[in-house]
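*Asks:* requesting a structural model of the entry that follows:
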Amino acid sequence: MSQSALIVIDMLNRYDHEDADRLVASVRDVTPVLAGLVRDASEQDGLVVYVNDNHGDWTAGRSALSRSALDGEAPELVEPIVPDDETPFLVKARHSAFYATQLEYLLREQEVDRVVLTGQVTEQCVLYTALDAYVRGFDVTVPRDAVAHIHADLADAALRMMEVNMRADVVDAPGALETLSR
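*Replies:* Numbers count the residues shown, from 1 in each chain. So this is what the prediction gives:
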């Protein structure tokens with residue numbers, strides 16, 4: 001039987017960086033959708049994994065990153081998706097959720113063969129994670145309404161690249177939920 005995992009990428013963000021204003025506008029649209037996917041996956045006992053950038057703080061983990069994001073410029077975008085203590089949480093330092101993390105090990109241990117990628121930024125971390133998932137042999141699904149962007153044109157191109165080059169299923173959230181419940 002096929003196992004899927006919902007991967008939440010970089011949603012614990014202070015939104016105090018140079019291009020935050022453009023990102024925040026997109027995150028406002030995707031947060032309710034993403035929160036719904038996390039809730040629904042959890043209710044179905046699906047595997048949800050958060051992978052978040054450490055923002056250069058090598059001592060930061062789930063609590064520190066959550067607290068920092070909630071103390072940032074847009075706590076209303078963070079609160080609906082803060083991971084609980086039971087949800088796997090990995091810290092990353094570069095763009096891909098796979099690069100130098102235990103994500104692949106965790107997914108293999110749970111016999112996952114499909115990842116549903118959500119979060120931010122579509123044209124950066126989501127794209128690089130999709131590529132790394134593809135080269136590792138995972139099937140990839142990306143709900144277009146659960147990924148946030150800085151540059152809409154680059155996000156559209158990134159989604160097209162994921163679909164064509166990485167054979168990703170680019171769907172809306174209800175389609176991704178179907179994938180998670182298989």
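
*Asks:* distance check, Gly72 against Ala35.
*Replies:* Noted for Gly72: a distance of 17 Å to Ala35, by CB to CB, to the nearest Å. C-beta: built from backbone N, CA, C; applies to glycine.

*Asks:* got the phi and psi for the closest residue in space to Asp53 that isn't next to it in sequence?
*Replies:* Among residues not flanking Asp53 along the chain, Asp10 sits closest, at 5.2 Å (CB to CB, 6 or more residues apart in numbering). Main-chain torsions, Asp10, degrees, to the nearest 10: phi 60, psi 30.

*Asks:* likewise the one 3 residues further on?
*Replies:* In terms of degrees, to the nearest 10, the main-chain angles of Asn13 are phi -130, psi 140.

*Asks:* what's the end-to-end length of stretch 108-116?
*Replies:* Distance between the two ends of stretch 108-116: 15 Å, counting by CA to CA, to the nearest Å.

*Asks:* now that stretch: mean pLDDT?
*Replies:* What stretch 108-116 shows for mean pLDDT is 97.

*Asks:* in that stretch, which of the residues would be classed as buried?
*Replies:* By 16 or more other CB atoms under 10 Å, the buried positions in stretch 108-116 come out as 112, 114-116.

*Asks:* dump stretch 128-145 to CSV, keeping only the CA atoms.
*Replies:* Listed next in CSV are the C-alpha coordinates belonging to stretch 128-145 (Å, rounded to 0.1, in the frame of the first residue of the first chain):
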residue,chain,number,x,y,z
TYR,A,128,14.6,22.3,-4.4
THR,A,129,12.8,19.9,-2.1
ALA,A,130,10.8,18.6,-5.0
LEU,A,131,13.9,18.0,-7.0
ASP,A,132,15.6,16.2,-4.1
ALA,A,133,12.5,14.1,-3.4
TYR,A,134,12.3,13.1,-7.1
VAL,A,135,16.0,12.1,-7.4
ARG,A,136,15.5,10.0,-4.2
GLY,A,137,12.7,8.1,-5.9
PHE,A,138,9.7,9.6,-4.1
ASP,A,139,6.6,10.5,-5.9
VAL,A,140,5.8,14.2,-5.5
THR,A,141,2.5,16.1,-5.1
VAL,A,142,2.4,19.9,-4.7
PRO,A,143,-0.9,21.5,-3.9
ARG,A,144,-0.6,24.9,-5.7
ASP,A,145,-2.9,26.5,-3.2
